[in-house]
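Chemist: Output the structure for:
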Amino acid sequence: MSKKIQLNIGSRLGDLRKRQKMTLDELSSKSGVSKSIISQIERNISNPTISTVMRIAEALDETLSGFFMNIDKEKSSSIENSKETPVINSNDGLCELSILGAGETVSWLQWYLLTMKPKGKLPSKSHGNNTYENITVISGEIEIQLKKQKEFLKSGDTFRFETNQEHTLINRSKSTTKILMVNYIDPINGSFN
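Modeler: Numbers count the residues shown, from 1 in each chain. Below is the predicted model:
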């Protein structure tokens, strides 16, 4: 993860925590993330996983999308070096989620590049009512598990589904799989959780 993005995540976390007048101890207790890890994130010396950021965001009564919403609003046109793209890793290190979406659209449209090593698995909670996800497999093969449904996709396939339910993506290839994920809400009735 680049220094620039680490500074932004650390700064955003510190701002949210201080705005809520929460101490490191209080945030640690509420999130279940150790005080030292939170401190390291705020000081930009730790690369948090998806799970860690989700737990901290929830403890701050913030959605994951809301947490990232106010990190560096983009200029009307810009090129972001690939080394500056925010990246979150799964706890097991088998999944890497590159956040490609712009900060100004995060409340209604988000897009990511998901890279999954063999046996990589990415579980997700419900994103809320009237929310949807488009999964396009760029390379490899995946299984998508929904509450009452399983879908198998190979390179070039796209699956669209409502994300008001828990869902899990599993790499079924013997090699690395790359996936474009686009999440959006119904503009009239929805909001991301």
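Chemist: What residues sit buried inside the helix or strand encompassing Ser39?
Modeler: Here Ser39 sits within helix 35-42, counting by DSSP states H and E. Of the residues in helix 35-42, Ile37, Ile38, Ser39, Ile41, Glu42 count as buried by neighbour count, 16 or more other C-beta atoms under 10 Å. The C-beta positions use only the backbone N, C-alpha and C, and glycine is treated the same way.
Chemist: Can you give the contact residues for that helix?
Modeler: With contact meaning C-beta atoms under 8 Å, 6 or more residues apart in numbering, helix 35-42 is reached by 9-11, 13-14, 17, 24-25, 27-28, 31, 46, 48, 52, 56.
Chemist: how long is stretch 120-131 end to end?
Modeler: According to C-alpha to C-alpha, to the nearest Å, stretch 120-131 extends 24 Å from its N-terminal end residue to its C-terminal end residue.
Chemist: Can you name the residues in contact with that stretch?
Modeler: Outside stretch 120-131, the residues that touch it by C-beta under 8 Å, 6+ apart are 50, 90, 92, 94-95, 97, 114, 116, 133, 162-171, 177, 183-186, 189-193.
Chemist: so how far is that stretch from its chain's centroid?
Modeler: Computed by C-alpha atoms, centre = their mean, to the nearest Å, the separation of stretch 120-131 from the middle of its chain amounts to 10 Å.
Chemist: just use 40 as the starting number from now, easier for me
Modeler: Got it, first residue is 40 now, which makes that one stretch 159-170.
Chemist: average model confidence for that stretch?
Modeler: The predicted model assigns stretch 159-170 a mean pLDDT of 90.
Chemist: again, but for stretch 78-97
Modeler: Over the span of stretch 78-97, the pLDDT mean works out to 83.
Chemist: Check which helices and strands the least confident helix or strand in the chain by mean pLDDT is in contact with.
Modeler: Per-element confidence for the chain was summarised using mean pLDDT, DSSP states H and E. The lowest value among helices and strands belongs to helix 42-58, with a mean of 69. Using 3 or more C-beta pairs under 8 Å, 6 or more residues apart in numbering; DSSP states H and E as the contact criterion, the elements in contact with helix 42-58 are helix 74-81, helix 103-108.
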